[in-house]
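Novice: The sequence and its predicted three-dimensional model are supplied below.
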Amino acid sequence: MDTATDLASFVYDRLDEEERDAALFHEFGCPGRVSCCCPCPARIRDQIAIHRQNLRQCERRIKRGQEELCWLLDSFFAFETMKALALPYELHPDWRDNWYP
């Protein structure tokens, strides 16, 4: 795998973990998962959806640059954006130092 693919996979895995853990953020007195109306899990899931969308767009931009057999400036910025999306997870054991923006 190349660095961009590894980085994207790393970020998707972290977002999956966050989405799974979002269900833990309930307010006192919440009836639970069946009829939950707590605002925090919904906000977390919305933010994760935005990050996933940004990551997919970055992957498309990088792929387009690779198809043209050169790293276009757009591909470079997409890769830097992916690094920024990964930065909050720098303490994770799977983090690589070459992913710093």
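Specialist: Great, that's in hand. Small disclaimer: the values here were computed from a predicted structure and weren't measured.

Novice: Which element is encountered next along the chain beyond the helix ranked longest in the chain?
Specialist: In the chain, assigned by DSSP state H, the helix with the most residues is helix 39-67. Using DSSP states H and E, the helix or strand that directly follows helix 39-67 along the chain is helix 73-86.

Novice: Now do that next one against helix 39-67, angle only.
Specialist: 150 degrees (axes from the mean of the first three to the mean of the last three CA atoms, to 10 degrees).

Novice: Show me which residues of helix 73-86 are buried.
Specialist: If you call a residue buried by 16 or more other CB atoms under 10 Å, then helix 73-86 has these buried ones: S75, A78, F79, T81, M82, K83, L85, A86. All C-beta atoms are positioned from the backbone trio N, CA, C, and that covers glycine.

Novice: Show me which of the residues you listed is closest to F28.
Specialist: Closest to F28 out of the buried residues of helix 73-86 is L85 (32.4 Å), distances taken as CB to CB.

Novice: That closest one and D74, how far apart?
Specialist: Distance, L85 to D74, using CB to CB, to the nearest Å: 16 Å.

Novice: now swap in K63 and tell me
Specialist: Taking CB to CB, one finds K63 at 11 Å from D74.

Novice: about what we covered before: could I get the buried residues of helix 73-86 as TSV with distance to I44 and pLDDT?
Specialist: Listed next are those as TSV, based on distance: CB to CB, whole Å; pLDDT from 0 to 100:
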residue	distance to I44	pLDDT
S75	30	88
A78	25	94
F79	26	94
T81	21	96
M82	21	96
K83	22	96
L85	15	96
A86	18	97
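
Novice: By mean pLDDT, point me to the weakest helix or strand of the chain.
Specialist: helix 39-67 (a mean of 91; mean pLDDT, DSSP states H and E).

Novice: List the buried residues of it.
Specialist: Across helix 39-67, burial judged by 16+ other CB under 10 Å covers P41, I44, I48, H51, R52, N54, L55, C58, E59, R61, I62, G65.
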